[in-house]
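Student: Please work out how this folds:
(one chain, ligands or ions: 1)
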Amino acid sequence: MEETLVSAHHALPVDAASAERVAVGGLSLRRLRGDDRDEFTAWHRAVARGFLDAEPTDIQRDAAFDRLGYRRLIAVLDPAAPEPEVPVATFASWVGRLSVPGGEMPSCAISSVTVSPTHRRRGLARAMMEGELRTAAAHGLPIASLTVSESTLYGRYGFAPAAEAATLRLEVKRADWIGPVPSGRVDFVSRERWRELAPELFERVRATRAGEFEMPDGHWDRFAGTEPGAERPGAIRAVQYADAGGDVRGLAVYKVQENHDDFTKSTVEIGYLLADGDDAYAGLWRYFVELDLVGEVRASELSVDEPLLWMISDRRAATVTLVDHHYVRVLDVPAALAARSYSAPGRFALDVHDPLGLTGGRVVLTVDARGAATVTADADVDAVPVRLGVAEFSALLLGQVSAVTLAAAGRLESQDPAALARTFGWSRPARLSYWY
Ligand SMILES: CC(C)(COP(=O)(O)OP(=O)(O)OC[C@H]1O[C@@H](n2cnc3c(N)ncnc32)[C@H](O)[C@@H]1OP(=O)(O)O)[C@@H](O)C(=O)NCCC(=O)NCCS
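Tutor: Numbering: from 1, shown residues only. Just a heads-up that it's a prediction; the model follows:
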């Protein structure tokens, strides 16, 4: 990924149209420098309040300052408020690598979107989002992505839930292990050691899994409980899986909640499980399925198609709930099409409608027998015509939802959605294993 794409994004000016819209209400839209501690502290307090959290402690504030400085931070300020330095709206974005089927692309990741309850429903969130999407698109970023507090918020800007996530509750006493016997071993490691091992292993896994996004700074410390000011870090247990050759191929962190009424029914909450390959996956899950004194194991942000469900003797020992999770929004249709591989050859004339006018129009996608794409602007009589909105196009890009499903839902028009589904489908469902 081009370094300038990343670093220059940080310092781009705010969108003039959005600044004007906000100014009508006597407010000002600003980009923060990111290296001013007081300014950051006020912004961070506003984010915490927006998400209904307590006031950050000094330790948490300093840790956040060290961790989030690389992000592009946006604030709306109200000079008439009693604390004019505390923003009434916040927004953050940064550029990272998003995995797509067979490849990856730079994405404008978005987080920390809040509007103070004192200033809600006056269009501030819309002004920030539209302005920042325009800025990202003009900068050449081909896609934007986020995870959401409410699923009703972002469809209006062209985002779609492209990678769903599964939440799992497993009654382990019903679930005998019938999966493969792993060749390696599971061992406890210190949380600090786990923290050291995780980034490289994750990058190996991320490269093979559409929907994953480069792990933001600070997340590993949060999983491992190694960040300053972590609450009860000692409750976190860390294990590694090493294969028969001694290479660490898997990592997991978890907490145990004891059941004082019945000591055989404690609950295990897996904070993060990372497996590089089938053997590591079996090794770690077998460990959790066979724990003594445990009644239930819980995990979330899993794939919608976990092999684990085929590795236990009683399928109904597992309760799986699906939720929308990773939302993406294409900002450059031809660049997005060219970034991924495809599962079957085909030729499609895609008419993508973008209500914000950031991308869209007619493009022709030709996929050869190896799954490689050529994207042209020509009108083409041989190509299968497809009409769809930018949100539906964004969902198709990650390969999880079938074009047949979207057509049945009235969300795309094509005479041959099955052909589109064969080309855009992917062998493994998209997954994002965390929140950001
Ligand atoms: C969600 C939030 C940012 C919205 O801010 P806001 O300034 O009130 O939103 P706007 O006035 O710009 O509204 C923009 C559009 O979103 C809609 N909208 C806003 N909040 C909504 C909600 N909670 N549910 C459904 N629609 C909502 C508005 O009706 C408006 O629709 P329209 O322009 O298409 O007619 C704000 O309520 C908030 O801070 N919530 C708590 C923190 C949070 O959940 N942030 C999102 C993190 S992913």
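Student: interface residues of the chain facing the ligand?
Tutor: Listed as neighbours of the ligand in the chain under the rule Cβ under 6 Å from any ligand atom: 50-51, 113-115, 120-126, 148-150, 152-153, 156. Any C-beta I mention is one placed from the backbone N, CA and C, and that applies to glycine too.
Student: Please indicate which of these are buried?
Tutor: Buried members of the residues of the chain next to the ligand, scored by 16 or more other Cβ atoms under 10 Å, are 50, 113, 114, 115, 122, 124, 125, 148.
Student: Please narrow the residues you listed to those residing in helices.
Tutor: Among those, DSSP state H puts 50, 124, 125 in helices.
Student: Helices of the stretch 251-400 of the chain, residue ranges please.
Tutor: Using DSSP state H, counting those that start in this stretch, the helices of the stretch 251-400 of the chain run over residues 278-289, 333-339, 390-397.
Student: who does the following helix or strand past the last one touch, helix- and strand-wise?
Tutor: Note on helix 390-397: by DSSP states H and E, the next helix or strand toward the C-terminus is helix 403-408. When contacts are defined as 3 or more Cβ pairs under 8 Å, 6 or more residues apart in numbering; DSSP states H and E, helix 403-408 packs onto helix 390-397, strand 412-414, helix 417-424.
Student: Check the ones you listed for me and report the most buried one.
Tutor: helix 390-397 (a mean of 26; mean count of other Cβ atoms under 10 Å).
Student: pLDDT on that helix, on average?
Tutor: The pLDDT scores in helix 390-397 average 98.
Student: Quick one, which of the helices and strands packed on helix 403-408 gets closest to residue 332.
Tutor: Ranking the helices and strands packed on helix 403-408 by distance to residue 332, with Cβ to Cβ as the measure, places helix 390-397 first at 10.7 Å.
Student: Let me know the angle separating that closest one from helix 417-424.
Tutor: 60 degrees (axes from the mean of the first three to the mean of the last three Cα atoms, to 10 degrees).
Student: by contact count, what packs against helix 390-397?
Tutor: Using 3+ Cβ pairs under 8 Å, 6+ apart: helix 390-397 touches strand 160-171, strand 318-330, helix 333-339, strand 346-353, helix 403-408, helix 417-424.
Student: The second one pairs with which strands, and in what direction?
Tutor: Yep, that's strand 318-330 we're talking about. The strands beside strand 318-330 in its sheet (DSSP bridges) come out as strand 143-147 (antiparallel), strand 160-171 (antiparallel).
Student: Could you say which one of those strands comes nearest to residue 322?
Tutor: strand 160-171 (5.3 Å).
Student: now that closest one against helix 278-289, angle please.
Tutor: Counting by the same axes, to 10 degrees, strand 160-171 lies at 50 degrees to helix 278-289.
Student: if you average pLDDT over strand 160-171, what comes out?
Tutor: The average pLDDT within strand 160-171 is 98.
Student: looking at the strands paired with strand 318-330, which is buried most?
Tutor: Neighbour counts (mean count of other Cβ under 10 Å) averaged over each of the strands paired with strand 318-330 peak at strand 143-147, with a mean of 24.
Student: Can you tell me what sits against that one?
Tutor: The contact list for strand 143-147 (Cβ atoms under 8 Å, 6 or more residues apart in numbering) reads 93, 98, 105-111, 113, 133, 136, 154, 159, 213, 325-332, 336, 394, 397, 432, 435-436.
Student: List buried residues within those.
Tutor: 93, 98, 105-111, 113, 133, 136, 154, 159, 213, 325-332, 336, 394, 397, 432, 435-436.
Student: re earlier: could you dump the strands paired with strand 318-330 into a markdown table with distance to residue 246 added?
Tutor: Below are the strands paired with strand 318-330 laid out as a markdown table (distance: least, Cβ to Cβ, whole Å):
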| stretch | distance to residue 246 |
| --- | --- |
| strand 143-147 | 36 |
| strand 160-171 | 29 |
